[in-house]
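Trainee: here is my input; please provide its structure:
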Amino acid sequence: MVTNIIQIGNSKGVILPSDLLKRLSLSLKSAVSVSLDGSSIVIKAQPRQGWEEDAKRLHAEGGDELLIPDVFEDETFEDWTW
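Mentor: The predicted structure follows:
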């Protein structure tokens, strides 16, 4: 795919085809990370965008209790080697 760099205010931008954005489940204002890999510009979707805030909200509401305990009540650990 070949595209051009365009002027956007004082910045520059690249037009990405809508079918490419659709395949990546991206839309306007989607959070992405941009990095350099040698001489390539790499744009990656941020699939966990907002998870940190959601986890903090869930904790504040008390909704982060384990459904299955880390250790079962009848577990003895006798066969474990430390």
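Trainee: all strands of the chain, in order?
Mentor: Taking DSSP state E as the criterion, the chain carries its strands at 5-8, 11-14, 32-37, 40-45.
Trainee: what ranges do the helices span in this structure?
Mentor: With DSSP state H, the ranges of helices along the chain come out as 18-23, 51-60.
Trainee: could I get the ones you listed as CSV with mean neighbour count, mean pLDDT and distance to residue 6?
Mentor: Where you see a C-beta, it was placed from the backbone N, CA and C, and this is true even at glycine. What follows is the helices of the chain, written out as CSV (neighbours: other C-beta atoms under 10 Å; pLDDT from 0 to 100; distance: least, C-beta to C-beta, whole Å):
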stretch, mean neighbour count, mean pLDDT, distance to residue 6
helix 18-23, 10, 90, 16
helix 51-60, 10, 89, 32
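Trainee: make CSV out of the strands of the chain and add mean neighbour count.
Mentor: Below are those laid out as CSV (neighbours: other C-beta atoms under 10 Å):
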stretch, mean neighbour count
strand 5-8, 9
strand 11-14, 10
strand 32-37, 9
strand 40-45, 10
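Trainee: let's have these in a markdown table, adding mean pLDDT.
Mentor: A markdown table is the format used below for the strands of the chain (pLDDT from 0 to 100):
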| stretch | mean pLDDT |
| --- | --- |
| strand 5-8 | 95 |
| strand 11-14 | 94 |
| strand 32-37 | 94 |
| strand 40-45 | 91 |
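Trainee: got TSV for those strands, with distance to residue 77 too?
Mentor: Shown next, in TSV, are those (distance: least, C-beta to C-beta, whole Å):
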stretch	distance to residue 77
strand 5-8	60
strand 11-14	56
strand 32-37	42
strand 40-45	42
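Trainee: for residue 52, find the nearest of those.
Mentor: Comparing the strands of the chain against residue 52 with C-beta to C-beta, the closest turns out to be strand 32-37 (14.9 Å).
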